[in-house]
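# fold the following, please.
(one chain, ligands or ions: 1)
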Amino acid sequence: MKKFNRKDFIKAAAGIVSSTIYIGCSLDGSRQSKISTLHSLPKLEADVIVVGAGPSGIPAAIAAARQGAKVILVEQDLSPGGAPVNMFVSMLCGGPRLGIYREMVQYLNAHHTISGKPKDDFGEGGANGKNHWYLPSSFMMTVSQMLAKEKNISLMLDIEANGVILEEKGSKNIVKGIRINRMGALQDIYAPVTIDATGTGLLGELSGAPVMYGRDGREAFGETIGSVQKDEKVQRCTWMYVSQKLRDDAVLPWDDLISDGMVEDDLSTWVKAHHVDRKTGIYLHWGATVICHDTRDPIAIGQAQQECLKTLVPDIQTLNKAGFQIHLAPKMGIREVRRIRGEYVITTNDMRDGTYPNDTIAYTSYGLDPWGEDIPEAERKTLPHGIPYRSLIPLNVEGLLIAGKAISGTHLAASGYRVQPIVASIGQAAGTAAAMASLNKTSVRNIEIKKLLKSLEEQGLFLKKEE
Ligand SMILES: Cc1cc2nc3c(=O)[nH]c(=O)nc-3n(C[C@H](O)[C@H](O)[C@H](O)COP(=O)(O)OP(=O)(O)OC[C@H]3O[C@@H](n4cnc5c(N)ncnc54)[C@H](O)[C@@H]3O)c2cc1C
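Alright, predicted model coming up:
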């Protein structure tokens with residue numbers, strides 16, 4: 001039997017939207033085949049489509065809407081939020097924390113701290129080095145309320161976008177919009193600019209842009225660190241959970257847990273149970289971590305998820321016995337999927353040298369986070385650096401911007417900008433650029449960069465001197 005591989009999956013995903021689907025078959029001559037055809041709903045139009053309502057898609061949608069663009073924000077889950085909500089990645093780390101992300105953190109601080117002590121200390125560069133965490137539901141409520149305030153955004157939940165509407169022009173594919181399956185019917189959504197904020201780069205791949213996956217190998221982009229050979233290894237997956245004390249005398253059985261680290265409360269950095277002055281009785285755990293052989297492939301993800309459970313179940317039982325209840329994230333956390341090759345590829349050389357290209361639309365001061373990959377300490381030194389606008393523009397494609405962790409950078413460079421404050425800044429810049437292109441009826445490649453940068457500065461996306 002032919003194995004159903006990733007290419008078949010991509011073809012099938014693309015095919016579903018462009019062809020009629022037939023359900024049912026003729027069992028014998030006496031019975032008629034039943035043919036069910038998906039009907040179509042009238043097309044929708046917007047100035048900007050954002051696919052994915054996570055840490056990068058939400059700021060993208062809000063920024064575009066605040067520029068006056070009519071935005072349709074499409075999310076496959078039943079609530080917005082992305083990884084902080086559906087994977088419980090609810091800890092703030094890295095920075096700087098600027099723009100719309102900062103608005104979100106201020107709201108969280110004011111209304112949702114676990115310790116009950118609001119903090120407005122953003123520290124130097126907008127990143128005070130302190131790691132705070134919030135309940136995933138707090139993120140969801142916060143971003144839902146922020147989105148509800150924006151009159152130019154239509155939020156569509158429970159819709160997976162798995163097809164793009166393409167027109168070929170010369171050597172480029174022009175993305176005209178997306179096709180969705182809504183209430184059992186097909187619907188086309190058209191917009192001059194679509195933003196892929198899926199975190200998976202799926203729309204980038206479907207649009208025909210070159211895809212990067214796994215470790216690039218040093219030679220590919222002239223890097224001096226990381227794996228010499230190219231392979232398909234991506235950062236490992238981690239299934240996160242929250243534990244909550246149910247009895248006053250309960251003590252975290254740290255030494256008996258198989259799984260990884262945890263965070264105490266929203267005031268402190270990483271802790272080990274016996275060093276902690278525990279105040280809240282509620283803890284965020286980096287649960288089980290596994291290798292997923294292909295984070296694009298649903299079957300490989302299924303296998304990794306089952307592998308994760310093998311570690312988690314004994315830990316959950318240990319915690320239950322010790323007097324803790326466990327809230328397991330609805331989804332296993334996937335750190336890395338596709339990266340879509342764009343007009344600029346961010347490399348570890350940019351991190352080492354602290355480069356700020358002229359079209360820098362966001363910063364990262366997070367540094368290298370190779371997650372278990374063996375990089376000698378001396379080679380890990382990095383400087384804050386800029387994210388150029390060109391890294392959001394996919395090669396060979398028009399009408400599409402990539403936002404979030406799937407932008408164009410090498411495997412190792414991505415480890416330094418994939419965290420939430422930074423993908424949020426990237427999203428905000430993508431939304432602003434998309435609105436400018438759409439409202440001025442020009443290509444995302446032809447917008448005036450100076451105007452974009454000025455607008456981002458006015459939106460508080462660049463560091464002020466005193467920060
Ligand atoms: C285990 C783990 C720990 C991490 N730890 C931290 C940390 O401590 N601090 C930190 O800042 N960052 C951390 N990160 C990284 C951070 O969470 C992500 O990089 C960040 O969430 C990326 O944001 P994003 O918007 O690009 O993607 P996502 O958060 O993945 O959001 C993408 C959204 O798009 C939706 N979507 C996807 N495909 C489709 C589709 N086809 N149609 C419609 N909707 C779609 C998804 O449902 C989701 O809501 C961690 C990540 C993991 C996995």
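
# only C-alpha atoms from now on, for both contacts and neighbour counts.
OK.

# mind listing what's buried in the longest strand anywhere in the chain?
Secondary structure of the chain read by DSSP state E shows that its longest strand is strand 172-182. The neighbour-count check on strand 172-182 (16 or more other CA atoms under 10 Å) flags 172, 173, 174, 175, 176, 177, 178, 179, 180, 181 as buried.

# closest one to the ligand out of the residues you listed, please.
Comparing the buried residues of strand 172-182 against the ligand with CA to the nearest ligand atom places residue 180 closest, at 8.8 Å.

# shouldn't the closest one be in contact with residue 165?
No - counting by CA atoms under 8 Å, residue 165 is not a contact partner of residue 180; they are 10.3 Å apart.

# so what's residue 344 closest to, chain neighbours aside?
In space, residue 344 comes closest to residue 391 once its chain neighbours are excluded; the distance is 4.7 Å by CA to CA, 6 or more residues apart in numbering.

# show the pLDDT at the residue lying closest to residue 250 once chain neighbours are set aside.
Spatially, and ignoring its direct neighbours in sequence, residue 250 is nearest to residue 323 (5.2 Å; CA to CA, 6+ apart). With respect to pLDDT, residue 323 scores 95.

# test my guess that residue 323 contacts residue 281.
No - between residue 323 and residue 281 there is no contact under CA under 8 Å: 10.7 Å.

# can you pull the contacts of residue 420?
Contact partners of residue 420, counting by CA atoms under 8 Å, 6 or more residues apart in numbering, are 55, 56, 92, 93, 94.

# and residue 397, what are its bridge partners?
residue 173 (DSSP bridges).

# surely it meets residue 172?
Yes - contact status for residue 397 versus residue 172: in contact at 5.2 Å, counting by CA under 8 Å.

# hmm, residue 410 and the residue nearest to residue 344 touching each other?
No - using CA under 8 Å, residue 391 is not in contact with residue 410, being 10.9 Å away.

# overlap of the contact sets of the two?
Common neighbours of residue 391 and residue 410 (CA under 8 Å, 6+ apart) are 345, 346.

# tell me where the stretch 201-350 of the chain has strands.
Applying DSSP state E, counting those that start in this stretch to the stretch 201-350 of the chain gives strands spanning 211-212, 237-245, 262-263, 270-271, 282-290, 324-328, 339-340.

# which one of these lies nearest to the ligand?
Nearest of the strands of the stretch 201-350 of the chain (CA to the nearest ligand atom): strand 237-245, 4.4 Å.

# now do that closest one and strand 324-328, the angle between them.
150 degrees (axes from the mean of the first three to the mean of the last three CA atoms, to 10 degrees).

# what's the offset of strand 237-245 from the middle of its chain?
Relative to the centre of its chain, strand 237-245 is centred 19 Å away, using CA atoms, centre = their mean, to the nearest Å.

# how about residues contacting the longest strand of the chain?
Against strand 172-182 from outside (CA under 8 Å, 6+ apart): 17, 49, 159-168, 186-194, 207-208, 396-400.

# winner for burial among the strands of the stretch 201-350 of the chain?
strand 339-340 (a mean of 30; mean count of other CA atoms under 10 Å).

# rank the strands of the stretch 201-350 of the chain by pLDDT, which is bottom?
Among the strands of the stretch 201-350 of the chain, strand 270-271 scores lowest, at a mean of 46.

# what does the stretch 51-200 of the chain put close to the ligand?
Contact residues, the stretch 51-200 of the chain versus the ligand (CA under 6 Å from any ligand atom): 51-57, 74-77, 80-83, 89, 91-93, 159-162, 197-199.

# among the residues you listed, name the ones in helices.
57, 83 (DSSP state H).

# residue 214 and residue 137, how far apart?
32 Å (CA to CA, to the nearest Å).

# out of these two, which sits in the more crowded spot?
residue 214 (20 against 16; other CA atoms under 10 Å).

# not counting sequence-adjacent ones, nearest residue to the more buried one?
Leaving out its chain neighbours, the residue that sits closest to residue 214 by CA to CA, 6+ apart is residue 232, at 4.0 Å.

# wait, the one you found sits on residue 215?
Yes - here residue 232 reaches residue 215: they are 5.9 Å apart, a contact under CA under 8 Å.

# okay, the two: which has more neighbours?
More crowded of residue 232 and residue 215, by other CA under 10 Å: residue 215, with 20 against 12.

# dump the buried residues of strand 172-182 into JSON lines; add pLDDT and distance to residue 258 as well.
Shown next, in JSON lines, are those (pLDDT from 0 to 100; distance: CA to CA, whole Å):
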{"residue": "172", "pLDDT": "93", "distance to residue 258": "50"}
{"residue": "173", "pLDDT": "96", "distance to residue 258": "49"}
{"residue": "174", "pLDDT": "97", "distance to residue 258": "49"}
{"residue": "175", "pLDDT": "98", "distance to residue 258": "47"}
{"residue": "176", "pLDDT": "98", "distance to residue 258": "49"}
{"residue": "177", "pLDDT": "98", "distance to residue 258": "46"}
{"residue": "178", "pLDDT": "98", "distance to residue 258": "44"}
{"residue": "179", "pLDDT": "94", "distance to residue 258": "44"}
{"residue": "180", "pLDDT": "94", "distance to residue 258": "42"}
{"residue": "181", "pLDDT": "92", "distance to residue 258": "42"}
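
# residues near residue 106, how many?
Around residue 106 there are 17 residues (other CA under 10 Å).

# how about it, secondary structure?
helix (DSSP: H, G, I helix; E, B strand; the rest coil).

# separation between it and residue 221?
From residue 106 to residue 221 the distance is 39 Å (CA to CA).

# lowest confidence element among the helices and strands of this protein?
Across the helices and strands of the chain, mean confidence by mean pLDDT, DSSP states H and E is lowest for helix 6-18: a mean of 43.

# beyond it, next helix or strand please.
Next helix or strand after helix 6-18 toward the C-terminus (DSSP states H and E): strand 44-45.

# can you list the neighbours in contact with that next one?
187, 188, 189, 190, 191.

# now tabulate these in TSV and tack on pLDDT and neighbour count.
Shown next, in TSV, are the contacts of strand 44-45 (pLDDT from 0 to 100; neighbours: other CA atoms under 10 Å):
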residue	pLDDT	neighbour count
187	95	19
188	96	22
189	98	20
190	98	22
191	98	22
